[in-house]
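*Asks:* please find the sequence and the predicted model below.
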Amino acid sequence: MNNMKKIIIVLAMAFIIVAIFKVCVSRDTYSKTGYKGKLPKVGAAIYKYDDEFMSYICNSMENDAYGRIALNMNDSQNDQNIQLQQVDEMILKGSRALVINLVQPKAAKAVINKARVANLPVIFFNKEPDASVLNSYDKAWFVGTDSKESGILQGKMIVDLWNENKSKWDKNQDGKLSYVLLKGEPGHPDAEARSKYALDEIKKAGISVEELAQATAMWDDAKAKEKMDGWISKFNDRIEFVISNNDVMALGALDSLEKAGYLSEKKFIPVVGIDAIPNAIKKIKEGTMVGTILNDASSQGRAIIDLVTNAANGKNILNSTSWKITNNKYVRIPYVTIIKDNIDVAEQAYK
Ligand code: BGC
C-alpha cells in the first residue's frame, strides 16, 4: 500500500470514529434534556402493579401523558428497596422529574434525599408522606385525597343507611350496630384515617356500636374473603354490618357472604367500601352492596401528569391548570358518596 492510500484509510477511520462519537453524544444530550422535539423524560414508580385501584390511576396517567412527556412506569413490587433502586435508575437515565407512589410512607425522606442531590422535582401520590418531610424540600408535592374525608363520608353514609333500614338490619333489635371492619394496610394514612373517622362519625350520630372484630386484609380481596369466612363461622347472625376500607376487600367479603347465603332478602348483611371501582358499582346496582365512596382515580391521574409535565419543563407546577393547591404542597381530589341513587356519578368517573 502506498503512503497516499494509508493516509486516506487513516483519515476515513478517524472520520467514522468522530461521527460515531457525535451520534452518541447527541443521543445522550437529547435524552438528558428532552430537547429538540423530544419529550422530557419522567420516571414513575407504583408501589405494586397488583392493586386494582392503582391500575386505574396508572391508566389515567398513561392516557394523559401521551404526547406530553416520555413516561417510564415501574412496578416496585411492594418492596421499598426495589423502589429506591428504581429511583436511582430513573435519575441515571435522565428523568427530569419523578412521580412516586411510595411502598412505605416513611420512605419519602430517602426519595427526597436522592431527588435533592439530582435537583429534581418529585410528586408523591396516593400514600401521603409526613408534612414535615414534604416541607423539607421545595421541589416536593403531594397529589391525592384527604384520607380523613373518606372516613367521615363513609361514616355518614352508614348512619343514613342504618337509620333508614334498622328495622330489618338490626337483627337482634338491641339498638346496637354490630359490625366487623376490614382494614387496609396498617400504617397507610388512608387505612388509619378511614378506620378511625368512619366509626367516630357513627358514634357522633348517637348510634351505639358493637365491634365484633377488626382485622387487616391488606387491601386484598382473597385475604378479605378468608377473614370474612372466619367471622361468619364465629359470629353467624350477630354480624349486622361489614365496613371495609376499600372496595376490593368489600368484594372479597361479599363473595364470602354470598356463598354462606347472607345476601338473600331475609338474612341480608349490608357491606360498604371505598373507591367506587367498576365491580363495586355493579354490585351496588344489583343491590348486593349498599354503598361506597368515590376515590376519583381519573382526576388524580390527570392532576399528577399536569403537575409533573410542568415540573419536567421547569415551569410552575400549576401553569395552565385549574387544580387547587393548599399550603403550596397539596392537590387533593374530593371524595363523593355513592349509593344506588347516584351511581351514574361513579360510572362517569370510571368511563
Ligand atoms: C385505595 C386502595 C388502594 C390503596 C393503595 C387507597 O387509596 O382506596 O384501594 O389499595 O390506596 O395504596
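*Replies:* That came through fine. Numbers count the residues shown, from 1 in each chain.
*Asks:* going by C-alpha atoms from here, please, whenever you check contacts or count neighbours.
*Replies:* Will do.
*Asks:* which non-adjacent residue is nearest Lys203?
*Replies:* Excluding the flanking residues, the one nearest Lys203 by Cα to Cα, 6 or more residues apart in numbering is Val209, at 7.2 Å.
*Asks:* near the ligand, which residues of the stretch 101-250 of the chain show up?
*Replies:* When proximity is defined by Cα under 6 Å from any ligand atom, the stretch 101-250 of the chain lies next to the ligand at 126-127, 190, 219, 246.
*Asks:* which pair of those spans the longest distance?
*Replies:* Lys127 and Asn246 (14.4 Å; Cα to Cα).
*Asks:* please say which of these two ends up with more neighbours.
*Replies:* Higher neighbour count among Lys127 and Asn246: Asn246, with 29 against 23, using other Cα atoms under 10 Å.
*Asks:* just give the nearest non-adjacent residue to that one, would you?
*Replies:* Per Cα to Cα, 6+ apart, closest to Asn246 is Ile274, 4.2 Å.
*Asks:* backbone dihedrals for the residue of the stretch 1-150 of the chain found nearest the ligand, please?
*Replies:* Relative to the ligand, the nearest point of the stretch 1-150 of the chain is Phe53 (4.8 Å; Cα to the nearest ligand atom). Backbone torsions for Phe53, taken as degrees, to the nearest 10, come to phi -60, psi -40.
*Asks:* surely it touches Ile277?
*Replies:* Yes: using Cα atoms under 8 Å, Phe53 is in contact with Ile277, at 7.1 Å.
*Asks:* neighbour-wise, which of those two wins?
*Replies:* Comparing Phe53 with Ile277 by neighbour count (other Cα under 10 Å), the higher total belongs to Ile277, at 25 against 19.
*Asks:* contacting residues for the more buried one?
*Replies:* Applying Cα atoms under 8 Å, 6 or more residues apart in numbering to Ile277 gives the contacts 53, 247, 294, 350.
*Asks:* the residue of the stretch 251-351 of the chain found nearest the ligand: neighbouring residues, count only.
*Replies:* When distances are taken as Cα to the nearest ligand atom, the stretch 251-351 of the chain reaches nearest to the ligand at Asp275, 5.3 Å away. Neighbourhood size, Asp275 [other Cα under 10 Å]: 24.
*Asks:* run through the bridge partners of it.
*Replies:* Leu294 (DSSP bridges).
*Asks:* these two touch, right, it and Asn295?
*Replies:* Yes: under the criterion of Cα under 8 Å, Asp275 makes contact with Asn295 at 4.4 Å.
*Asks:* helices along the stretch 201-350 of the chain, start to end?
*Replies:* Secondary structure of the stretch 201-350 of the chain by DSSP state H, counting those that start in this stretch: the helices cover 221-235, 247-259, 278-286, 297-312, 343-349.
*Asks:* so is the longest one next to the ligand?
*Replies:* Right, helix 297-312. No: Helix 297-312 is not in contact with the ligand by Cα under 6 Å from any ligand atom; minimum separation 9.1 Å.
*Asks:* and that helix, how far out from the chain's middle?
*Replies:* Counting by Cα atoms, centre = their mean, to the nearest Å, helix 297-312 is centred 13 Å from the centre of its parent chain.
*Asks:* can you check the second one too?
*Replies:* Averaging C-alpha coordinates over helix 247-259 and over its chain gives two centres that are 21 Å apart (Cα atoms, centre = their mean).
*Asks:* over to the shortest one?
*Replies:* Distance of helix 343-349 from its chain centroid, counting by Cα atoms, centre = their mean, is 19 Å.
*Asks:* no further questions, thank you.
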